[in-house]
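Enquirer: A predicted structure for the sequence below; I have some questions about it.
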Amino acid sequence: QVQLVESGGGLVQAGGSLRLSCAASGRPFSGYAMGWFRQAPGKEREFVAAINWSGGTTYYADSVKGRFTISRDNAKNTVYLQMNSLKPEDTAVYYCAAGATVPALKLRIDMKGWGQGTQVTVSS
């Protein structure tokens, strides 16, 4: 398992931006696909974005496509989620996750680690 710690959450007005970071330790970071999920109150955890081990391929949920950007810096063992044009419906706890592959990560199969989550609140 890889240990993951998220940071960068907070309160922002609609239309604003936040950048989440997820620092990894404990296992070789560059070998994993990385992703972000979110869970709003009373709702199930949902996939937001994922990136393959090299950073060359990215995937997004339709609800965030064009507004969010996932990236990674393997030298710093960190994955990022840049969130622009935020909407109140983006309010949730955001979780970083590591998986063996992007398809497995999206389906939450053979997960290699989860972060503790960071709260993002978007006010209208």
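Expert: Right, received. Where do you want to start?
Enquirer: can you tell me which helix or strand the most centrally placed residue in the chain belongs to?
Expert: Closest residue to the average C-alpha location of the chain: Trp36 at 2.2 Å, with C-alpha atoms, centre = their mean. Per DSSP states H and E: Trp36 is located in strand 33-39.
Enquirer: next helix or strand past that strand?
Expert: Counting by DSSP H and E, the element after strand 33-39 in chain order, helix or strand, is strand 46-51.
Enquirer: after that following strand comes which helix or strand?
Expert: strand 58-60.
Enquirer: residues in contact with that following strand?
Expert: Under the contact criterion C-beta atoms under 8 Å, 6 or more residues apart in numbering, strand 58-60 has outside partners 48-52, 68-71, 102, 106. From N, CA and C alone the C-beta is placed, and that goes for glycine too.
Enquirer: ok, the residue nearest to the centre of the chain - contacts?
Expert: Counting by C-beta under 8 Å, 6+ apart, Trp36 makes contact with 20, 22, 48-50, 70, 79, 81, 94-97.
Enquirer: Tell me what it is bridged to.
Expert: Counting by DSSP bridges, Trp36 forms beta bridges with Ala49, Cys96.
Enquirer: just Ser21 next, same as before
Expert: Judged by DSSP bridges, the bridge partners of Ser21 are Ser7, Tyr80.
Enquirer: and the strand holding Trp36 with strand 46-51, angle?
Expert: Taking axes from the mean of the first three to the mean of the last three C-alpha atoms, to 10 degrees, strand 33-39 and strand 46-51 form an angle of 160 degrees between their directions.
Enquirer: For strand 33-39, the averaged confidence score.
Expert: Mean per-residue pLDDT for strand 33-39: 97.
Enquirer: And stretch 30-43, what's buried?
Expert: Residues 32-38 are the ones in stretch 30-43 that count as buried (16 or more other C-beta atoms under 10 Å).
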